[in-house]
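Participant: What follows is a predicted protein model with its sequence.
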Amino acid sequence: MQEAGAIPVSMSTNPMLIGLNYSGPYWPLVFGSDAPWVVADTWEAAYAEVSALLAGPVHQLEQRRQRVLAFWQQHKEDVARFVSKAIES
């Protein structure tokens with residue numbers, strides 16, 4: 001998805017974790033840092049952020065897209081290293 005130039009849109013929490021008494025931000029749990037894509041508490045807030053991105057200067061949208069791409073590429077490299085180490089062990 002990110003290699004195609006997409007900027008994902010997601011919610012900031014995962015309702016399945018509420019049953020585990022966790023209601024904090026989801027993506028830092030997954031990646032260890034905030035996600036660079038559109039993350040919002042509601043779909044309405046996500047829509048507003050996407051609308052603002054599309055209405056703003058093209059270079060800002062491109063910068064955001066590049067941040068998402070760099071984040072995704074780094075994540076894939078981190079996972080590859082982790083798997084390689086696990087296989088070697």
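Facilitator: Cool, got the structure. Numbering: from 1, shown residues only.

Participant: Residue 20 - how many residues pack around it?
Facilitator: When neighbours are defined as other CB atoms under 10 Å, residue 20 has 8 of them. In short, each C-beta sits where N, CA and C put it, glycine included.

Participant: buried set for the worst-scoring helix or strand of the chain on mean pLDDT?
Facilitator: Ranked by mean pLDDT, DSSP states H and E, the helix or strand of the chain with the weakest confidence is helix 27-31, at a mean of 88. Using 16 or more other CB atoms under 10 Å as the test for burial, helix 27-31 gives residue 27.

Participant: Not counting it itself, show me its contacts.
Facilitator: Outside helix 27-31, the residues that touch it by CB atoms under 8 Å, 6 or more residues apart in numbering are 10, 12, 17, 22, 34, 35, 39, 71, 75.

Participant: please redo it, this time with the cut-off set to 6 Å
Facilitator: By CB atoms under 6 Å, 6 or more residues apart in numbering, the residues outside helix 27-31 that reach it are residue 35.

Participant: Following the chain onward from it, which element is next?
Facilitator: Scanning forward in sequence from helix 27-31 by DSSP states H and E, the next helix or strand is strand 38-40.

Participant: Please name the strands paired to that following strand in the sheet, noting orientation.
Facilitator: Strand pairing for strand 38-40, determined by DSSP bridges: strand 9-11 (parallel).

Participant: what about the most centrally placed residue in the chain, distance to residue 87?
Facilitator: By CA atoms, centre = their mean, the chain has its centre lying nearest to residue 35, at 3.5 Å. As judged by CB to CB, to the nearest Å, residue 35 and residue 87 stand 28 Å apart.
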